[in-house]
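Q: Show me how the following folds:
(one chain, ligands or ions: 1)
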Amino acid sequence: MKEVKIEKCPFCGGEEFIETIVSSYGSVYLHPVPKGGFRSAALFVTVCRDCGSVVRAYCKTPEKLYSKKERRDS
Ligand SMILES: [Zn+2]
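A: Numbers count the residues shown, from 1 in each chain. Here you go, the predicted model:
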C-alpha cells in the first residue's frame, strides 16, 4: 500500500494530527457482497488536532477487501 503523508490540514492549516481507528460500526464492507461472504477492513481516520476535521479516512488493509490477484483480473 502506498503511504500518504498529510502535511497540513486543508481546513485550518493545522499541522498536528491524531490517528484513530473506527471500530465495530466503522468497518467498511465490500459491496456487493462477493462470493465467499463478507469481507471487511477496519476504518482508520486521521483527525486534525486543531479543528477536529477528519482529514483522511482509510483502510490499512485494502488487500482484505480485494487481493492483488483479484484486482489484476478485473
Ligand atoms: Zn484543521
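Q: Now Lys64, what are its backbone angles?
A: Main-chain torsions, Lys64, degrees, to the nearest 10: phi -70, psi -30.
Q: what's the closest residue to it other than its chain neighbours sitting at in phi/psi?
A: Leaving aside its chain neighbours, Lys64 sits nearest to Ala41 (4.4 Å; criterion: CB to CB, 6 or more residues apart in numbering). C-betas here are computed from N, CA, C, even on glycine. Backbone dihedrals for Ala41, given as degrees, to the nearest 10, come out at phi -140, psi 140.
Q: ok, the most centrally placed residue in the chain - contacts?
A: The centroid of the chain falls nearest to Tyr58 when counting by CA atoms, centre = their mean (1.1 Å). By CB atoms under 8 Å, 6 or more residues apart in numbering, the contact set of Tyr58 is 4, 43-46.
Q: about what we covered before: the residue nearest to Lys64 reaches Ala57, doesn't it?
A: No: contact criterion CB atoms under 8 Å: Ala41 and Ala57 do not qualify, at 11.7 Å.
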